[in-house]
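Visitor: 3D model of this:
(2 chains)
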Amino acid sequence: MKRFDLELSVGLFIILGIICLGYLSIKLGRMEVLGNKGYELSALFSNGGGLKPGSSVVVAGVDVGRVKSITLEDYQARVVMNLPRGLRIQEDAIASIKTKGLIGEKYIEITPGGSENIISPGGRIRETQPAVDLEELISNFVFGKI
Amino acid sequence: MRRISLWQTIVFLLLAFGFSTPALAQAPTEQIKETTDKVISILTDPALREPDRTEERRGLLRKAADERFDWEEMSRRALARHWARRTDEEKREFVSLFSDLLERTYMDRIDGYSGEKVLYEGETVDGDYGIVRARIATETDAEISAEYRVRRKENGWFIYDVSIEGVSLVNNYRTQFNSIILKSSYEKLVKRLKAKIAQD
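Guide: Numbers count the residues shown, from 1 in each chain, chains lettered A, B, ... in the order given. Got it, this is the predicted structure:
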């Protein structure tokens, strides 16, 4: 009887450990379980610039989604990203690939547009800006600061 | 009998060609090339280079640009979320301010034109939207890639965004306008635009 109790508690402890491990790996690996809660949008970039599946998608500096996949389509990078359902992206929104810091990892920034037409799930963000080095600098140099 | 058929042919030809709009049949690249060629011919015209004809020259350049740029669409995209909150009066004012700002910013640069060549690399058309890719080759063999984003309207293709080396003009102004409006107000942005345009 006593021996059975000991075995049971060890077993329970191990199971608890495995559950914790599973939770940790999902949390740390940023995996999605039980289906995605959001919707998908795609975008074509002339230069993917080292973007990876799992890279963040950001609106106004807030992490809102992840890059799901990157494939080559007609010698351009086709990026599929996952966004939360409540976030509506206008038809004239611009998706640009940016770098965290000077040599940091790449992420996608979406600058919301003003159109009344919302891109439906599975749609494509038409306006894109590929990865460029030191783009802020060039941007201000080429187009002038106001 | 023969006469009637001749008349019929003439009427048919008139109907067929009279109603087809040549602008629509043209590809976006051709229309952009047309405008670019016009601008270059104005820039390289020695008669217009005289100092006392600067005003006239600028007027001609502006007119050529007005024919191909969709200022309203550009302004709408640059103001983005803030556009819908403006009254019609404010929208009209903003469109003219924004086009004046672009004119002011680029006129000086374009005045420095020194024989750069524009090579057209291709176009992608997707419904009413298109992208025209070009390369600007300078005398010193440096190359700059440019991308015109165009939209089809009843009377041809109109530019609503330009990307130089992958950096979009609209996105640049959209970020700047947004941060100014959020930091202060729309009125403040208009004030700054006016100050910038008046500046010499």
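
Visitor: which residues of chain B fall in helices?
Guide: Counting by DSSP state H, chain B has helices at residues B:2-18, B:22-25, B:28-44, B:54-68, B:71-79, B:88-111, B:169-183, B:186-198.

Visitor: make CSV out of the ones you listed and add distance to chain A and mean pLDDT.
Guide: From N, CA and C alone the C-beta is placed, and that goes for glycine too. Formatted as CSV, those follow (distance: least, CB to the nearest CB, whole Å; pLDDT from 0 to 100):
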stretch, distance to chain A, mean pLDDT
helix B:2-18, 34, 53
helix B:22-25, 21, 48
helix B:28-44, 15, 88
helix B:54-68, 15, 87
helix B:71-79, 5, 91
helix B:88-111, 4, 88
helix B:169-183, 5, 92
helix B:186-198, 5, 90
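
Visitor: just name the most buried of the ones you listed.
Guide: Greatest average neighbour count among those goes to helix B:71-79 (a mean of 23), per mean count of other CB atoms under 10 Å in any protein chain shown.

Visitor: next, the angle helix B:186-198 makes with it.
Guide: 120 degrees (axes from the mean of the first three to the mean of the last three CA atoms, to 10 degrees).

Visitor: so residue B:173 touches residue B:78, yeah?
Guide: Yes - Residue B:173 is in contact with residue B:78 according to CB atoms under 8 Å; the separation is 4.2 Å.

Visitor: wait, which of the helices of chain B is closest to residue A:91?
Guide: Among the helices of chain B, helix B:71-79 comes nearest to residue A:91, with 10.3 Å by CB to CB.

Visitor: show me what that closest one is packed up against.
Guide: Judged by 3 or more CB pairs under 8 Å, 6 or more residues apart in numbering or on different chains; DSSP states H and E, helix B:71-79 is in contact with helix B:88-111, strand B:156-164, helix B:169-183.

Visitor: the residue nearest to the spatial centre of chain B bridge partners, please.
Guide: Note on chain B: the residue nearest the mean C-alpha position is residue B:69, at 2.4 Å, using CA atoms, centre = their mean. On the basis of DSSP bridges, residue B:69 takes part in beta bridges with residue B:159.

Visitor: wait, it sits on residue B:156?
Guide: No - using CB under 8 Å, residue B:69 is not in contact with residue B:156; the gap is 11.8 Å.

Visitor: so residue A:91 sits right up against residue A:118, yeah?
Guide: Yes - with contact defined as CB under 8 Å, residue A:91 counts as touching residue A:118 (7.1 Å).

Visitor: higher neighbour count, the two?
Guide: residue A:91 (17 against 13; other CB atoms under 10 Å in any protein chain shown).

Visitor: show me chain A divided up by domain.
Guide: Chain A is divided into the following domains under automatic domain parsing: A:1-31, A:39-132.

Visitor: deepest in the core, which of those is it.
Guide: Per stretch, and counting mean count of other CB under 10 Å, the top mean among these goes to domain A:39-132, which has a mean of 17.

Visitor: gap between it and the chain center?
Guide: Computed by CA atoms, centre = their mean, to the nearest Å, the chain-centroid distance of domain A:39-132 equals 8 Å.

Visitor: does that domain reach chain B?
Guide: Yes - interface with chain B: domain A:39-132 contributes A:46-47, A:90, A:92, A:94, A:96, A:111-116, A:126-127, A:129-132 (CB under 8 Å from any CB of the partner chain).

Visitor: which members of those occur in strands, if any?
Guide: Within the residues of domain A:39-132 next to chain B, residues falling in strands by DSSP state E are A:94, A:96, A:111, A:127, A:129.

Visitor: distance of the last one from residue B:60?
Guide: In this view, residue A:129 and residue B:60 are 32 Å apart by CB to CB, to the nearest Å.

Visitor: residues contacting residue B:133?
Guide: Residue B:133 sits next to B:120, B:121, B:122, B:123, B:145, B:146, B:147 when contact means CB atoms under 8 Å, 6 or more residues apart in numbering or on different chains.

Visitor: apologies, that question was intended for residue A:99.
Guide: By CB under 8 Å, 6+ apart, the neighbours of residue A:99 are A:105, A:106, A:107, A:131, A:133.

Visitor: hmm, try it at 6 Å
Guide: residue A:106 (CB atoms under 6 Å, 6 or more residues apart in numbering or on different chains).

Visitor: quickly list what it is bridged to.
Guide: Here residue A:99, judged by DSSP bridges, has bridge partners residue A:106.

Visitor: would you mind measuring from it to chain B?
Guide: Distance of residue A:99 to chain B, given as CB to the nearest CB, to the nearest Å: 13 Å.

Visitor: just residue A:42 next, same as before
Guide: Taken as CB to the nearest CB, the span from residue A:42 to chain B is 13 Å.

Visitor: right, and that residue touches residue A:82 too?
Guide: No - in this structure, residue A:42 is not within contact of residue A:82 by CB atoms under 6 Å, at 10.7 Å.

Visitor: all the strands of chain A, residue numbers only.
Guide: Using DSSP E, strands in chain A cover A:39-45, A:56-59, A:62-73, A:76-83, A:94-99, A:106-111, A:124-125, A:127-129.

Visitor: appreciated, that's everything.
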